[in-house]
Each structure stands twice: as structure tokens, then as C-alpha cells.
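Undergrad: Okay, sequence plus prediction incoming.
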Amino acid sequence: MRHPGSSNSPAFKLLRLERGGLTWWVRENFLKDSLLRVLADPLRYLNDSSERIKSGRSTTLARAGGVIIKRYNSRGWIRLLKNSLQASRARRAFYRGMLLEKAGIRTARPIGFASRRMLGLLRCSYLLMEEIAGAENLSTWKGGRRQAVERIACLIGRLHEHGFSHRDLKQTNILFDPAGNPHLIDMEGLRFRKRLTIPRAARDLSRLFRAASQIPQLTRADKLRFLKCYCRCRGLVNWRDWLGKLRNRQKNFRFANLFPKIRSRNRSTRCWGKGSMSANNQMAAESLDLKVFLSLRSLQEEGEPDILEEVIQTFLEDTPQRLAALREALADHDWTLLGKAAHTLKGSSRNLGAKRLGDLCLKLEEKAAGGEAVLIGQLIDEGEEEFKKVARAMQAFRVPERQI
């Protein structure tokens, strides 16, 4: 079976496979006997200390014959509940990796993903990636410093120019292949924003330079070279002018540090409170139960990214794909798949307070059992319109950023 979110391109076509008690979605062009053995028993490699790369509370990483397996674990009941409200971390990382690959940005190519659920709660998920043979991360790479600076600058410049942001640009998330080409890994920190704002770009570069500051050989000249190459790759003619824009947006900007950490927003100015919406958005908010939606704040963990921002981002990214999956299932008269897709969207909608959208999905689920195509088409139309209202209501709770 073909995944509803997969691309029409043969290189990105996904197949559904039942292996090892899991439902895997795997790219067809990577299928071979060695991969099927991995799908049948991923725990064999994750539990083998000789193959294990990393073992922690949140993730476990292991090699498996040219493939990297990453298992995402749920840490505690708060994380367990939060992860169950959205697509699995492995699925999100998989599609983000495919977006990078389609944009021509070097990364460890994603191969497949699977999730393990118990009583509707996400216990863990698995991501398969291509292993970059002979790769070394930024902290251990022994190649030329100038070459590394210029190539990383071009990599990040292309990343930003395509509208991507990576908030965790640390040394271990940049790998060099034997030819000296850098690759980005760890898609959890990746976000697609269409057009990147100056503060967001500066935050990415700030994180990168804080990590690079641990490399004693890095000089001020290397930082300037990075900035010039970065601007050149983005088509920004005057790098000094761009640096001036960054300085104007941060009072504590110091040239020697190039990109220091940007000060966090004053929480008193955030748009999470009552009365923050315009009249139009108040009308749209009729589709969103604010009591349920804002109660998600109670799941916020100290030191973690803002949970409301993450939930909004995930819902706005995933729901159009799920609505498209409903359309495709209707066109194929695949009532089983349509019912499952409606059930999934119903749960995520109700958990976020989008009660009417959840009710429409319940009706879709019921009509799918009877194969009532005409009524189902009308309900999908209503669902798409209702999603637009929910999206407008949620957007009112986000802080707009000025664009470059």
C-alpha cells in the first residue's frame, strides 16, 4: 500500500510492510534483503552493545549494516501524553529529512519509520536512516579549517534560503563524509518556515557558533569568513549591512562573538492571554475551545520549547496532509483507510479543543463504515472549511516575526 503523504516521484515512493510486530513505511528504492532483516528485528541491533552508538532516556541509536536505527522513547507520563497528541517523532523526522533531500541539502537520507502504540498511547517510534560511511562529526574532523568553515557556511546558507531553520546546530549534528562534504542530521530541530525571519536565522547561527567556540583553533577571521560565505550563498550582497540588521535587533550584540544568544522574549508580551485576538479571530475562535487548548500549558516542562507553539506548528503542518489523505481514500473508495484517517484526525482535533472538527471526523468515520461517498465528500468539504477557522484561531496565539 502507498502512504498518503508520499511523493509521486519513484525515489520517494513509500510502501507499507508488516514486520517485527510493527507497521513500517519504507521507501521502495531502499528495499533489499538486508533491510528486511532489520525491519523484522530492530531490537536485536538496539540491544547489541557492539552496534549501539548512543543510549539515553529519550533516544537510542544503533548501526545495522549500512543503516542507522533511531528509537524515540517516551519519557514519563507528561511526554507520553504530549507525544500521543501528534504524529510520532520518527514520522516527523522522516518527512523533514525527505524535505531536505528534495531541496538538495545534504543529510542522512531517511529510509523508513514505524510506531509502537499501546491503548492508543505512543510508547516509542523508530526511524531508519542511511549511514554515511566513514563520517566524522565537526568536533573530530581533521580536515582543513578553512574548507570546513566555507562548506558549512554554504550548507547553512542554502538551508536558510530554502526556508528551513535548524535550532540544534551543534557539533555532533554536522557530519563530514570522507570527501569533506558536511551533512545535517537530527531532524527534530528542523522546521520549515517558507521565508526565514532575521531573528530565527540569528538564533540558528548563534547555536552553531556557541558549539564551534569549543574548537580552540577557530579564530575571528574564520567567523568573518563564515559570515561572508553564508551571505554569498544566500545572495545577500552586502554582508556588513546584514550584520547591521542583526545588531539592530539585539542590544547585547558583540562583534567578537559574531552571533551571541538572542534574548528570550518577555513572556508578558506574548499573545497567549485573553483579549489578544482581533474581532475576526474571535469569530474563528468559536471553532476552538480555548479552555481545552490553553490547558495544554500544564504539560510544559522546564527548559523545553514552548509546548503551545510546538502543538500549533505540528497541527497546522499535519492536518492538511490528513485531509488530503481523506480525499485520496475517497477517490480510491478505500473506506477502511478513510475511517482510520478520520479517527486519527478526530482524536488530535478534540485533544486540542477543535470540537466541531472532531465531530465532523466522527461523522466521517461513521459514514465510511457504510461507504456513503456523496455524504463523505460533503463532510470533507466542511472539514476543510472548519480547519481554516481553527487555523485562524490558533494563529492568533503565535507571535509574528519580522521577515528578512
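TA: It's in.

Undergrad: going forward, measure contacts and count neighbours with C-alpha atoms only.
TA: Noted.

Undergrad: Show me what counts as buried in stretch 156-166.
TA: Buried residues in stretch 156-166, counted by 16 or more other Cα atoms under 10 Å: 156, 157, 158, 159, 160, 161, 162, 164, 165, 166.

Undergrad: quick one: contacts for the fifth one?
TA: When you say that, I think you mean residue 160. Residues counted as contacts of residue 160 (Cα atoms under 8 Å, 6 or more residues apart in numbering) are 196, 201, 234.

Undergrad: per-residue confidence for residue 258?
TA: At residue 258, the model reports a pLDDT of 45.

Undergrad: now do residue 243
TA: Reported pLDDT for residue 243: 67.

Undergrad: Just name the closest of the buried residues of stretch 156-166 to residue 124, please.
TA: Set against residue 124, the nearest of the buried residues of stretch 156-166 by Cα to Cα is residue 166 (23.4 Å).

Undergrad: Can you report phi and psi for that closest one?
TA: Here is the backbone geometry of residue 166 (degrees, to the nearest 10): phi -130, psi 110.

Undergrad: On the three-state scheme, residue 116 is what?
TA: strand (DSSP: H, G, I helix; E, B strand; the rest coil).

Undergrad: Stretch 13-25 - what's its average pLDDT?
TA: 90.

Undergrad: Go through that stretch and flag the buried ones.
TA: Those would be 13, 14, 15, 16, 17, 19, 22, 24, 25, for stretch 13-25 by 16+ other Cα under 10 Å.

Undergrad: what's the spacing between the first one and residue 356?
TA: For residue 13, the distance to residue 356 equals 34 Å [Cα to Cα, to the nearest Å].

Undergrad: Kindly report the same for the third one.
TA: Taken as Cα to Cα, the spacing of residue 15 relative to residue 356 amounts to 33 Å.

Undergrad: can you check the fifth one too?
TA: Distance, residue 17 to residue 356, using Cα to Cα: 34 Å.

Undergrad: what helix or strand does residue 200 sit in?
TA: helix 198-212 (DSSP states H and E).

Undergrad: next one: that helix to chain centre, how far?
TA: On the basis of Cα atoms, centre = their mean, to the nearest Å, helix 198-212 sits 18 Å off its chain's mean C-alpha point.

Undergrad: Give me the buried positions along the helix or strand following that helix.
TA: Beyond helix 198-212 in the direction of the C-terminus, DSSP H and E gives the next helix or strand as helix 220-234. The neighbour-count check on helix 220-234 (16+ other Cα under 10 Å) flags 222, 223, 224, 226, 227, 228, 229, 230, 231, 232, 233, 234 as buried.

Undergrad: now stretch 363-373
TA: In stretch 363-373, counting by 16+ other Cα under 10 Å, buried: 363, 364, 365, 366, 367, 368, 371.

Undergrad: Skipping adjacent residues, who's closest to the first one in space?
TA: When you say that, I think you mean residue 363. residue 379 (7.7 Å; Cα to Cα, 6 or more residues apart in numbering).

Undergrad: Surely that neighbour and residue 362 touch.
TA: No - in this structure residue 379 lies outside contact range of residue 362 using Cα atoms under 8 Å: 10.1 Å.

Undergrad: Let me see the residues that make contact with stretch 39-52.
TA: The contact list for stretch 39-52 (Cα under 8 Å, 6+ apart) reads 19, 20, 21, 24, 38, 60, 61, 62, 63, 64, 69.
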